[in-house]
Structure formats: structure tokens, C-alpha cells
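J.: Provided below are the primary sequence and the corresponding predicted coordinates.
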Amino acid sequence: MSSPELSAEAPGPDVPRWDSQPTYSNLGEVRAHLLPSKASRCRAPGSLSAEPQPSPPPLPKRNLARTSSLPLQRASSPGPSPAGTPRRHFLSFSIDESGAGTPKAGPGCPPAELPFRWPEAHLDLSLPDLSRLEAVDAALRARQLEGLRTMHARLQARLLGGRPGPCHPGHGFRLLDNSPCVESGDTLYYRMVRVAEETWHVLAAKVPKPGTKEPHLWGLELQASLPPHFNLQGLCGLVPEGALPATPWRGPVMLAAEVPERSVAQWLAEVRAQPPSECARAVALMLLQLSAALERLEHVGAVLTELRLENLLLAEPRGCAAPGPPRLLFADFGRVCPRPAGHPSTHAAQLGLLLRELLGPSLPMATPLARGLERLAAQLLRWRPSAAQTRGALQTLLWGPGPELNGQAAPLGSWLRVRRALLVLHLAEQATGGEAPGLEDWLCCEYLIEATEASLGRALALLWD
């Protein structure tokens, strides 16, 4: 990352915390008990070893605090249960492919830590169940879906980790550069350091350009009140006036939690120089993240009055090795206002026009994905779907299924189960090769967790009907 965000991190939940110092004892006393007696050895008169040596003073002994991760009981052997004893359920949860809820984990299997050791790896199957293929299939599908949810949660924690908190009066500030790191259509961004005792964060001062359009205050208040979202720019507070000896701006300015690297307008010039297949995929992944940001705005009853490439920002995602898709940050809240009565509730028309601008005149016929994106642009202008429906269509174009499964009797459930299994294998191959999953892996994992047969059918109908 070109502008890393460093902080003094507290120990994680799995790091043991000691209430007192570990126990240690006098090494001389330990050797005296371990070495054999040497009373029969002849010693020369007057030798130093002939005289009794005083024992070294004992060091203070302290108690060792036992951590919660140490086993307190022996694991029971996987033998037959006594008569009348109910069969132990090592993994007790029911599969839910409707997307309405999460699996019900048993008390011995927290969702974030799936047990894959023997004998805990039983799949809640009795001996007769092993002869029934439908029971085995249901158990494997349940474990598979729960595993994907766990992987998604861990990747999300890594991608969104290290987020700085709000500003406090005791914080100090230091300007890193006198020139902006990024210039968007309406804003200049300057890299800053916020210091609090031994913790410091690299943030971005968000300075409005002189003469820009007056922002909607409602949108700025909405930005400050929204919970953290991967594709929405987060705010940490204000840089107080007079906190720095000299700044390229006047008055207090907002502090953004993420330091942008470029705008989408700058990125587009670079991505169009790539091969057509890579260019189409990069456009699809960028628009997928934008539709996720607009989906959040539609959910709270907000509407973006004007969608401009130069006001969309890109940053390097945390914890991901380059190369990979950048993280899109929607930051143009000054053009966000409450949805007027009678106004369409979607941003489909703006997304359709933006998609055609991103594709350009020559790309649509170059690859199957580019042809699918051109088809989506036409459907956005025709049907005006919601941002959530647009996101589902983009996920389908990126990771399947294709138009051949668009129909009433299409085996979408079987396709979804196979696709989930392939993603699990892909992530396992990455892990064994020492390769960290990236942003696209997380987005694909999110898609396959949320997807249902009904949602796949709706996405295919939007694209190909």
C-alpha cells in the first residue's frame, strides 16, 4: 500500500494474557535433584569441591495463570455410547439456503471456529445415515455453507481491520505532505498523521476546492452517522483550526479514515491500456462495489443527484497483496439528499450511463463478459432495477451462472452447491500455497453465501429476458 495505516494494535482475543509472571525456580535446586549422588567420588584434600557449598538463594516463586485455551478435561474416546445414552451431536446445525438466517451452531461449535480435528469432525450422522446419500449430502452442504460464512467473516475482519476511531481533544496532528495526494472533482486530499500517546494513524484531510458547488448538509450528516461500510468513505472528525502551524487550507476540515490513491477517472485511463478481458473484469468489479455503496444509500432513503467518475475514489484494500482489484470508496456525500416524493427509488439510469462510459466504444464486443456488461447497461436503462438487483446481476456476470441456465427448469440449486464446493477448494489451494486471499475472493465468497435459487433466477431474468 502506498499510504499504509499503522497503529499500535492490542493483543487479539487468542493471545494469552498473564495475570502474573510465569513461575520460575532456582536452577541449582533443580540440578541437585536431577544429578546422581557423588558421595563415593574421591576428593583431594583442600579441594574446593570437598567443602559443602551453600545453596544459592531461592528466587521468588510466582503462580502461573492458566489460560482459557488450555484443556481442562480429557477428550472422551470415540467409543460406543452406553445403552439409553443419547448420541452425541458433534456438529448440530441445520442448513438454511433461503438467505433469511444463519445456521444454528451447537454449543460445542462456535461459528467462527469450526472444529476439523478428529473426533470432533463428525457430521452429525449416525451409522444408518451413512448409508443414505441424501443425509450425507445435506450434512456436507451444511458444513460447506458454514465454512464459507466463517471464511467470509475472517476475510472481512482483515479487510476492515485497523479502522481509526473518532478524534479526541488529546490528539495531535502532523501534515505529511504540502501537496495533495489525490485530487477529485470537488476535493483535495492531504495525508496527515493523528497521534495519541503511542498510537498513530495515517488519515486524509478532506479539503473542498474553492468555488465548488455548495454541498447538501443532509448528505454530510448522513455520512457521519452511517456505520462502517467497505465502500463508503468513513469520517473521523475535524482537524481543529490552529492544530497545525501551517496548512495549505484555512479553517477546520474533515478527516477521512481511508487515504485514497486516485480517482476512478484516473484509474480508467490506466485500465483501458490492459487486454480487453482484464479491462472488462476490472470494470465489472469496480461497478459491483459502486452498486453496493448505492444499495446502502437506497436502503436509508437517500438518492445521489449526480454520479461523476472524478468524485469516485480508489484505495488499496488492507491485507491484500498486489496486484488485485482496488477498493472503491464513495465519498461524494455532498450530492446526496433525501429521496423526493415521486422520485424513482433507484440509481439505475445513472449506473447504466456510467457503465457505457466505462466500457467505451470498442470494448463491448471484445469478450463474453464485456458483451454481458453491455447487455446490463441496456437493461438498467430499460427496467430501472434497484442497486441490490444490479449488484446481483454483476455477480452473475462475474462468477456465473451463464445464460444457458436461464429458464424455469434450470438446476440452479445444483449449480450453486457445485460452485460453493469449487470456491472452498480454491481457497484451500491458496492457503496451502501460502497465498493470501484477495478482495475478489471475499466478494465471490459474499456472493455465494447470499445467493439462493430464487435470487439467481431473478438475476438471470434481468440480464437475458
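T.: That came in fine, so what should we check first? Numbering: from 1, shown residues only.

J.: residues contacting stretch 338-358, please?
T.: By Cβ atoms under 8 Å, 6 or more residues apart in numbering, the residues outside stretch 338-358 that reach it are 218, 268, 283, 286-287, 290-291, 294, 297-298, 301-304, 306-307, 309, 373-374, 376-381, 383-387, 390. For every residue, glycine as well, the C-beta is placed using N, CA and C.

J.: got the contact list for Trp383?
T.: Counting by Cβ under 8 Å, 6+ apart, Trp383 has contacts Ala348, Leu462.

J.: confidence score at it?
T.: Trp383 is assigned 95 on the pLDDT scale.

J.: next one: it from Pro344, what distance?
T.: Distance of Trp383 to Pro344, computed by Cβ to Cβ, to the nearest Å: 12 Å.

J.: tell me where the chain has helices.
T.: 27-34, 133-159, 217-225, 264-271, 276-299, 348-359, 368-383, 387-399, 412-432, 439-450, 453-464 (DSSP state H).

J.: for those helices, give me CSV that also has distance to Ala205.
T.: Below are those laid out as CSV (distance: least, Cβ to Cβ, whole Å):
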stretch, distance to Ala205
helix 27-34, 57
helix 133-159, 24
helix 217-225, 15
helix 264-271, 20
helix 276-299, 22
helix 348-359, 28
helix 368-383, 36
helix 387-399, 30
helix 412-432, 37
helix 439-450, 26
helix 453-464, 41
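
J.: ok, and which of the ones you listed has the densest surroundings?
T.: Across those, the average number of neighbours (mean count of other Cβ atoms under 10 Å) peaks for helix 387-399, which reaches a mean of 23.

J.: contact partners of that helix?
T.: With Cβ under 8 Å, 6+ apart as the criterion, helix 387-399 contacts 281, 284-285, 287-288, 291-292, 294-295, 297-298, 346-348, 351, 369, 372-373, 376, 379-380, 385, 419, 443-444, 447-448, 451, 455-456, 458-460, 462-463.

J.: 6 Å - rerun?
T.: For helix 387-399, contacts defined as Cβ atoms under 6 Å, 6 or more residues apart in numbering pick out 284, 288, 291-292, 294-295, 298, 347, 372, 376, 444, 447, 455, 459, 462-463.

J.: what about that helix, average pLDDT?
T.: Helix 387-399 comes out with an average pLDDT of 98.

J.: so how far is it from its chain's centroid?
T.: 19 Å (Cα atoms, centre = their mean, to the nearest Å).

J.: return it as CSV; C-alpha atoms alone will do.
T.: What follows is helix 387-399, C-alpha atoms only, in CSV (Å, rounded to 0.1, in the frame of the first residue of the first chain):
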residue,chain,number,x,y,z
ALA,A,387,-28.9,-1.2,-6.7
ALA,A,388,-29.3,-4.6,-5.0
GLN,A,389,-30.7,-6.2,-8.2
THR,A,390,-27.9,-4.6,-10.2
ARG,A,391,-25.3,-6.0,-7.8
GLY,A,392,-26.8,-9.5,-8.2
ALA,A,393,-26.6,-9.2,-12.0
LEU,A,394,-23.0,-8.1,-11.8
GLN,A,395,-22.2,-11.1,-9.5
THR,A,396,-23.8,-13.4,-12.0
LEU,A,397,-21.7,-12.0,-14.9
LEU,A,398,-18.5,-12.3,-12.9
TRP,A,399,-18.9,-15.8,-11.3
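
J.: can you check what angle separates that helix from helix 453-464?
T.: 80 degrees (axes from the mean of the first three to the mean of the last three Cα atoms, to 10 degrees).

J.: give me the angle between helix 387-399 and helix 348-359.
T.: Using the same axes, to 10 degrees: helix 387-399 against helix 348-359 is 30 degrees.

J.: tilt between helix 387-399 and helix 276-299?
T.: Using the same axes, to 10 degrees: helix 387-399 against helix 276-299 is 160 degrees.

J.: count of neighbours near the closest residue to Lys209 other than its chain neighbours?
T.: Residue nearest to Lys209 in three dimensions, not counting chain neighbours: Asp186, with 5.7 Å by Cβ to Cβ, 6 or more residues apart in numbering. Per other Cβ atoms under 10 Å, the neighbour tally for Asp186 reads 19.

J.: do I have it right that Asp186 meets Thr212?
T.: Yes - using Cβ atoms under 6 Å, Asp186 is in contact with Thr212, at 4.4 Å.

J.: poorly predicted segments of the protein, please.
T.: Across the chain, residues meeting the criterion (pLDDT under 70) sit at 1-127, 322.

J.: apart from its chain neighbours, what residue comes closest to the residue most central in space within it?
T.: Taking Cα atoms, centre = their mean, the centroid of the chain lies closest to Gln156, which sits 1.8 Å from it. Of all residues not flanking Gln156 in the chain, Trp442 sits nearest, at 6.6 Å (Cβ to Cβ, 6+ apart).

J.: what does Ser291 give?
T.: Nearest non-adjacent residue to Ser291, counting by Cβ to Cβ, 6+ apart: Arg391, 4.2 Å away.

J.: next one: the one you found from Leu398, what distance?
T.: To Leu398, Arg391 is 11 Å away according to Cβ to Cβ.

J.: what of Arg375?
T.: For Arg375, the distance to Leu398 - Cβ to Cβ - is 14 Å.

J.: identify the contacts common to the two.
T.: Contact with both Arg375 and Leu398 is made by no residue, according to Cβ under 6 Å, 6+ apart.

J.: first to last residue in stretch 178-197, what's the distance?
T.: Chord length of stretch 178-197, first to last residue, is 24 Å (Cα to Cα, to the nearest Å).

J.: before we move on, back to that, do you know how far the residue nearest to the centre of the chain is from Ala284?
T.: 21 Å.

J.: same thing with Leu160?
T.: Leu160 sits at a distance of 22 Å from Ala284 (criterion: Cβ to Cβ).

J.: also Leu376?
T.: Using Cβ to Cβ, Leu376 is found at 9 Å from Ala284.

J.: same check, this time on Ala135
T.: Here Ala135 is placed at a distance of 39 Å from Ala284 (Cβ to Cβ).

J.: now Leu398
T.: Leu398 is 5 Å from Ala284, by Cβ to Cβ.

J.: got it, and Arg132?
T.: For Arg132, the distance to Ala284 - Cβ to Cβ - is 42 Å.

J.: what of Leu244?
T.: 42 Å.

J.: and if you look at Arg335?
T.: 24 Å.

J.: Asn311 now?
T.: Counting by Cβ to Cβ, the gap from Asn311 to Ala284 is 21 Å.

J.: one more: Leu314?
T.: 15 Å.

J.: what's the answer for Val253, then?
T.: 35 Å.

J.: again, but for Asp137
T.: In terms of Cβ to Cβ, Asp137 sits 33 Å off from Ala284.

J.: how about Val207?
T.: From Val207 across to Ala284, the span is 33 Å (Cβ to Cβ).

J.: now swap in Trp249 and tell me
T.: Taken as Cβ to Cβ, the span from Trp249 to Ala284 is 37 Å.
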